[in-house]
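Asks: no letters, just coordinates:
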């Protein structure tokens, strides 16, 4: 990717599926899988048990407590598959694919270096998407630059009164949906 020439990562965000959130009513009333039971123990039972105390997700005793509560709930709804490892993955939001992902990226990089050095095949132009499951399918395509991208595009024009305060500007930035800011801040060194 070349800055302001090819598409940046922000230009490609619309290609990704939205993150799946589970409604609390599903977790509380009709859990359908082991992860729902873990989330029930972590999000609903833990506040009842520990009150306002912020629980450390890395604390093994807390993980064990969540596992036991989730396992009991899973048995109540005849759901199998609650394990301590899965409990840790759910409450810490761990995606168990880091090692294999690194290996795939390293192999793709080595393959591209080989193709460039030996000129044995057309090399990657812009992007490689790995789709593995039953085999390897790796289509290549070029990410197009979005001219309205807030990262690599022309920017966002905002108008404020000359007498506006810095706080008013930050509130305006926070309200502007194009910027997708949650809590803008400004730092001076």
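Replies: Received, thanks. Keep in mind that what you see is a predicted model, and the values were worked out from it rather than measured.
Asks: show me how far stretch 21-38 is from its chain's centre.
Replies: On the basis of Cα atoms, centre = their mean, to the nearest Å, the separation between the geometric centre of stretch 21-38 and that of its chain is 20 Å.
Asks: er, stretch 79-91 actually
Replies: Averaging C-alpha positions (Cα atoms, centre = their mean) puts stretch 79-91 19 Å from its chain's average.
Asks: surely residue 28 is within a strand?
Replies: No: under DSSP: H, G, I helix; E, B strand; the rest coil, residue 28 sits outside any strand and is assigned helix.
Asks: how far away is it from residue 21?
Replies: Applying Cβ to Cβ, to the nearest Å, the value for residue 28 to residue 21 is 14 Å. Every C-beta, even on glycine, is put in place using the N, C-alpha and C of the backbone.
Asks: could you do residue 12 as well?
Replies: Taken as Cβ to Cβ, the spacing of residue 12 relative to residue 21 amounts to 22 Å.
Asks: which one's more surrounded, these two?
Replies: Comparing residue 12 with residue 21 by neighbour count (other Cβ atoms under 10 Å), the higher total belongs to residue 12, at 15 against 6.
Asks: before we move on, what SS does the more buried one have?
Replies: Residue 12 is classified as helix under three-state DSSP.
Asks: tally of neighbours for the closest residue in space to it that isn't next to it in sequence?
Replies: When the adjacent residues along the chain are set aside, residue 12 lies closest to residue 143, with 5.4 Å between them (Cβ to Cβ, 6 or more residues apart in numbering). For residue 143, the count of nearby residues is 16 (other Cβ under 10 Å).
Asks: I figured residue 143 hits residue 7, correct?
Replies: Yes: checked against Cβ atoms under 8 Å, the pair residue 143 and residue 7 is within contact range at 3.6 Å.
Asks: pLDDT score assigned to the residue nearest to residue 12?
Replies: Per-residue confidence (pLDDT) for residue 143: 72.
Asks: repeat for the one 5 residues further on
Replies: Reading off the per-residue confidence, residue 148 sits at a pLDDT of 79.
Asks: let me see the contact set for residue 116.
Replies: Each residue near residue 116 by Cβ atoms under 8 Å, 6 or more residues apart in numbering is listed here: residue 123.
Asks: list the buried residues in the helix or strand where it lies.
Replies: If you go by DSSP states H and E, residue 116 is part of helix 98-118. By neighbour count with 16 or more other Cβ atoms under 10 Å, helix 98-118 contains the buried residues residue 104.
Asks: which parts of this structure are strands?
Replies: In the chain, the segments counted as strands under DSSP state E are 127-128, 131-132, 136-137, 140-141.
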